[in-house]
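A.B. asks: 3D, please:
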Amino acid sequence: MDQDITRPPQEIPAAYLHLVDTRSNNQSQQLYPVYERQIFKIGRDIRSNTLAIDDDLEMMVSRNHCEVYVVVYEPTINHIYVRDRKSSNGTLVNGKAIGSGPDISPGYLLQHGDQEECKVGLPSVEISSESPWLNYYQLFASKYRITDHCLGQGAEAVVCLANDVETGKQLVCKLINLDKIRGKNSQDDIRRKFQETDILRQLQHPNILSYVDAISSPHTLVSYTFTELAAGGDLMSFIMQRGTVKESESRIIIRQVVQGLDYLHRKGIVHRDLKPENILLACSPKITHHRVMLSDFGTSAVPRRSRMITNAGTSGYQAPEFVSNSQAHTAAVDIWSLGVVAFTLLVSDRHDTMLNRLDEEEIRQYVKRIFSYLPRKPSSDAVNFVRSCLKPDPLHRISAREAKKHKWLRDNKKNAELLKRLERVVLSSWKPQA
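C.D. replies: Below is the predicted model:
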């Protein structure tokens, strides 16, 4: 049984659950707090649930029915999800089924005022419904509904929760106001915005965030890109929630990241900004053996189209060649970032050194020292994988294809059956776009 993560004392709840029996309108007076690091489980079984509903004589509630959890992207932004746990009768939000057994269901992002088996009081992060960002979407309102539930916002873009009108499936819509992109490099910036969508449109792989649709209007200068919703949050929120990530979980995550990278590199695409914030979990933050996806292709490049020499990425994850600027960049920049991500998972973010400024021997000593501090030392295969990625000379790094065959990630007699089962689960939650 998965254990709820212990919460710090005096933590403020992210949400409250209010239990209501809709058949008798019998309302419990008690509010049940849901905390950031907690997975609040609901069902009949008193042993495996945070809230046990053991007086359900009609057996409408399953032993393990559903769960509510919080994904924290930033200190002030909490997203609250509900997920069905293969229940017999299903879980409903506002009267619509979001999942039932035997299939594994992704989390469903709750909005202010949503109701499922419990009433949920949510802190809302919203943009005004009068916002010009939303006024133009009437052109395709019969196909997609963009809500005013804001998932993130920047100077030129806002990310909103959306729905497919026909299926009711939750999506993410990234709205970019092209008119706000100004300056001497504005045309290049606009071209890059369209390039991100163009790259995403070409990709179909279970470990790449799924592209759904893109719509742009030359009259309004607003671009809309629709992608799937990652109900498990990103890898950084996962690390922060867990505190300590097991090596077995790290291996499962990195294995899928490598599969996504190998697919990109075979397509001739280099990500250039691989980091935990750009690695998403498709279903739930506790289901690490389910689908992991690469996202955010805003700085991606296609080497065969141009020589990659411009700076890109995030400083702590940048390869040394970005720092020295002494040579053109290749797909090896992603392998360096992969090594930093793997290292971060294995040490649970207990390092702050800029690895890209160290030579090979200094990296070897640093990695060895940090690993020695851990209560549970990583395996020699894990250490070798990290060091194979973190080579200052890009020519000496392993490729994504070689990484797939590395002993740490490769099937062996001990875990072959487990990995095959996990592969089936990953594929079951993904369908290629028509």
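A.B. asks: I'd say Leu427 and Pro206 touch.
C.D. replies: Yes - counting by C-beta atoms under 8 Å, Leu427 sits close enough to Pro206 to count as a contact (6.1 Å). Just so you know, the C-beta spots here come from the backbone N, C-alpha and C atoms, and that holds for glycine as well.
A.B. asks: who's more crowded, the two?
C.D. replies: Applying other C-beta atoms under 10 Å to Leu427 and Pro206 shows that Pro206 carries more neighbours, namely 21 against 11.
A.B. asks: sec struct for the more buried one, please.
C.D. replies: coil (DSSP: H, G, I helix; E, B strand; the rest coil).
A.B. asks: show me the contacts for the residue nearest to it when sequence neighbours are not counted.
C.D. replies: Nearest residue to Pro206, sequence neighbours excluded (C-beta to C-beta, 6 or more residues apart in numbering): Trp430, at 4.0 Å. When contacts are counted by C-beta atoms under 8 Å, 6 or more residues apart in numbering, Trp430 touches 206, 210, 282, 291.
A.B. asks: tell me how far the second one lies from Ser250.
C.D. replies: Read that as Ser210. Using C-beta to C-beta, to the nearest Å, we find Ser210 at a distance of 24 Å from Ser250.
A.B. asks: for the third one, same thing?
C.D. replies: As for Ala282, its distance to Ser250 is 18 Å (criterion: C-beta to C-beta).
A.B. asks: and if you look at Ala231?
C.D. replies: For Ala231, the distance to Ser250 - C-beta to C-beta - is 21 Å.
A.B. asks: and the helices in the chain?
C.D. replies: Listed in chain order, the helices of the chain (DSSP state H) span residues 132-135, 186-202, 235-242, 247-266, 320-324, 332-347, 360-373, 380-389, 400-404, 416-428.
A.B. asks: can you tell me what sits against the fourth one?
C.D. replies: Helix 247-266 is touched from outside by 203, 205-208, 235, 270-271, 274, 279, 288-289, 291-294, 331, 334-335, 338, 341-342, 345-346, 376, 378-379, 382, 385, 399-401, 403-404, 408-409, 419, 422, 426, with contacts defined as C-beta under 8 Å, 6+ apart.
A.B. asks: could you do stretch 154-169 as well?
C.D. replies: 96, 109, 111, 127, 131, 133-134, 141-153, 170-178, 180-181, 212, 226, 229.
A.B. asks: also stretch 338-351?
C.D. replies: 235, 239-240, 242-245, 247, 249-250, 253-254, 257-258, 261, 274-276, 279, 316-317, 355, 366-367, 370-371, 373-374, 378, 382, 385-390, 397, 400, 403.
A.B. asks: tell me how far that stretch is from the chain's mean position?
C.D. replies: 17 Å (C-alpha atoms, centre = their mean, to the nearest Å).
A.B. asks: and it, which residues are buried?
C.D. replies: For stretch 338-351, the neighbour count (16 or more other C-beta atoms under 10 Å) marks 338-348, 351 as buried.
A.B. asks: pull the most distant pair out of the residues you listed.
C.D. replies: Leu338 and Ser348 (17.3 Å; C-beta to C-beta).
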